[in-house]
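[1] Could you look at this predicted model? Sequence included:
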Amino acid sequence: VGFGIMVAYTSLFATPRSHVLQRDISDREIALAMLRERVESSSRQLAIIENRDNNLYRTIFEADTIASSIREGGVGGVERYGKYSTLPGGALLRGVAQDIDKLTWRAYVQSKSFDDVSRLAYTKDRMVHCVPAIQPVSVQQLTRLSSPFGYRRDPFNHTAKMHTGMDFVGSYGTPIHATGDGLVVVASMSDGGYGRQVVIDHGFGYKTRYAHMSSISVTEGERVKRGQEVGKMGSTGRSTGTHLHYEVLVKNMPVNPALYFSDVSEEEYENMLANAQIQQMD
C-alpha cells in the first residue's frame, strides 16, 4: 500500500523540470525516428543508383562491377558507438549513427565510381575519334583496290611474301586522309621501300602508315584530325605505279586494315575485292 501511495504521489506531484525532461526525451526520440526513416529512404534511393552503376554504366565502359562488400565497407567497432549507450534513447541513437555512417561510406564509394566512369567515358570518347575508322582514300576518288592484306606474290622477286597493308590505286596527286586523330611521328622519305611516308600514332596502341606518296602535307610532331589530308598519292620508293600503301598496326603488329573501314559496308568491301585487279604495286 505504501509503495502504491508513493508512486501515485510521484506521478501527481512530479516537478515541472521532470515533465520538461520527459517531453524533451520524447521529442528527441520522435526526431531520431524521423531521421532514421529519412536515412533509410536515402539508402533505398542510393541502392537504385548503385544497381544502375554496376549493371549499366560500368558495363557500358567494360569496367569491373563494385562488390557489395566494398560498397558496404566497415563502420567501426563497439568503441565507436559505445558513447551512445549511457544516453537516453541510446539504442536508437546508436542505430541511427550506424546507418548514417554506412550511408556516408556508400555515397563516398559511389562518388569515386562516378569519377572512374567519367574518366572512362572521356577515354572512350577520345578512343572513338582516334582509332582508324575510315578509308584513307575517298571511295569517289578510288580507281580500284590493287592488293589486299595477306600473302601474295612479290612483284619484284616473284616469291610469296606477306603484304602488310592494302594498296589503293588512284590518280597521281589524289588526296590521302588521316583515318583517325593522332600525332604524326614520321613524315619523311623512307630509307627502305616505303618512299615518302607518314606514320601517325593514334594512341591506345594504334598506328597507321601511308606510303609511296608524291608529297607530304604534314610535319612530324603535328596533331591531325580524322579526315585531314596528310599527303598526295604517288609512286615513290619500291613501287610499280601510282598508289597508296596503307597499313594499320596494333601494338606495332600489322593487321588487316579492312577491319577498320566503318565508312564502307561489308557489301561494298566485298565488291571492292571482287572488282580488284590483283596487280602487285609494291
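    Right, received. Where do you want to start?

[2] what pLDDT does Ser235 get?
    In this prediction, Ser235 carries a pLDDT score of 94.

[3] so it touches Ser214, yeah?
    Yes. Using Cβ atoms under 8 Å, Ser235 is in contact with Ser214, at 7.4 Å. Every residue, glycine included, has its C-beta placed from N, CA and C.

[4] what's the overlap in contacts for the two?
    Shared contacts of Ser235 and Ser214, defined by Cβ atoms under 8 Å, 6 or more residues apart in numbering, comprise 172, 242.

[5] Show me the shaky parts of the stretch 51-200 of the chain.
    In the predicted model, the stretch 51-200 of the chain carries pLDDT under 70 at residues 74-80, 82, 84-90, 151-160.

[6] Helices along that one, start to end?
    58-60, 68-72, 78-81, 90-130 (DSSP state H, counting those that start in this stretch).

[7] With mean neighbour count as extra columns, can I get these in JSON lines?
    As requested, the helices of the stretch 51-200 of the chain are arranged in JSON lines below (neighbours: other Cβ atoms under 10 Å):
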{"stretch": "helix 58-60", "mean neighbour count": "14"}
{"stretch": "helix 68-72", "mean neighbour count": "12"}
{"stretch": "helix 78-81", "mean neighbour count": "11"}
{"stretch": "helix 90-130", "mean neighbour count": "15"}
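
[8] List the contacts of Gln228.
    Taking Cβ under 8 Å, 6+ apart, we find Gln228 in contact with 177-178, 218.

[9] Mind doing that once more with 10 Å?
    Taking Cβ atoms under 10 Å, 6 or more residues apart in numbering as the criterion, Gln228 is in contact with 175, 177-178, 181-182, 200, 217-218, 222.

[10] Closest one to Thr164 out of the residues you listed, please.
    Distance ranking of the contacts of Gln228 against Thr164, using Cβ to Cβ, places Ile200 first at 16.1 Å.

[11] all strands for this structure, in order.
    Counting by DSSP state E, the segments of the chain that form strands are 144-147, 150-153, 160-163, 166-169, 175-177, 182-189, 196-203, 206-213, 215-216, 223-224, 229-232, 244-250, 253-255.

[12] Nearest to Asn51, out of those?
    Checking the strands of the chain against Asn51 by Cβ to Cβ gives strand 196-203 as the closest, at 33.3 Å.
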